[in-house]
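**Student:** would you be able to build a 3D model of this:
(one chain, ligands or ions: 1)
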Amino acid sequence: MDHTEAANSNTNSTSPSSSSSPPPPLPPAVVLSPCAACKILRRRCAEKCVLAPYFPPTEPAKFTIAHRVFGASNIIKFLQELPESQRADAVSSMVYEASARIRDPVYGCAGAICHLQKQVNELQAQLAKAQAELVNMQCQQANLGLTLHGNGTISSTIVGTISRQLH
Ligand SMILES: [Zn+2]
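**Tutor:** Okay, here's the model as predicted:
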């Protein structure tokens, strides 16, 4: 049936072969191609296919990856057990976990989490060091200002705190 519609629109828009004329507009027919999941599983994509909203035919890799790790029947079971509002998040989580598992068969996404946690710890240590240096510099600056104003008693206490921080 799609063929006849396409043929009709072609006959309507047959224009003389002038190269300057714009190409005929594409017919607004809805392309009922199966979702990526059904295409890979070689099955008919039913109207209420549970996978279709999350595995569009434009992104076949998403389903290939998730299918390889979890298996199609498990993916379908997971989605059917969830309310529709949570299914999109579940799918992106499964795709993320599956691709991490393929990259790192031993640790999967736990490996990525450990790596990021290590980075967080290192950055927190760097931040603490920088903050300590900042406090030191502020103390030195305050000390400089106070000695310029001739207040020897206060500046000597600050010098004491600085030297204690340095040691
Ligand atoms: Zn489908």
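
**Student:** buried ones in the helix ranked longest in the chain?
**Tutor:** Ordering each helix of the chain by length in residues (DSSP state H) puts helix 109-148 first. Within helix 109-148, the residues scored as buried using 16 or more other CB atoms under 10 Å are Cys109, Asn143, Leu146. C-beta coordinates here come from the backbone N, C-alpha and C atoms, glycine included.

**Student:** quickly find the element holding the spatially closest residue to the first one that is not a sequence neighbour.
**Tutor:** Same thing as Cys109. Among residues not flanking Cys109 along the chain, Ala100 sits closest, at 3.8 Å (CB to CB, 6 or more residues apart in numbering). Using DSSP states H and E, Ala100 falls within helix 84-103.

**Student:** just the residues contacting that helix, thanks.
**Tutor:** Residues outside helix 84-103 that contact it (CB atoms under 8 Å, 6 or more residues apart in numbering): 53-55, 62, 65-66, 68-70, 75, 78-79, 82, 108-109, 111-112.

**Student:** tell me which of those fall in helices.
**Tutor:** Per DSSP H, the subset of the contacts of helix 84-103 in helices is Lys62, Ile65, Ala66, Arg68, Val69, Phe70, Ile75, Phe78, Leu79, Cys109, Gly111, Ala112.
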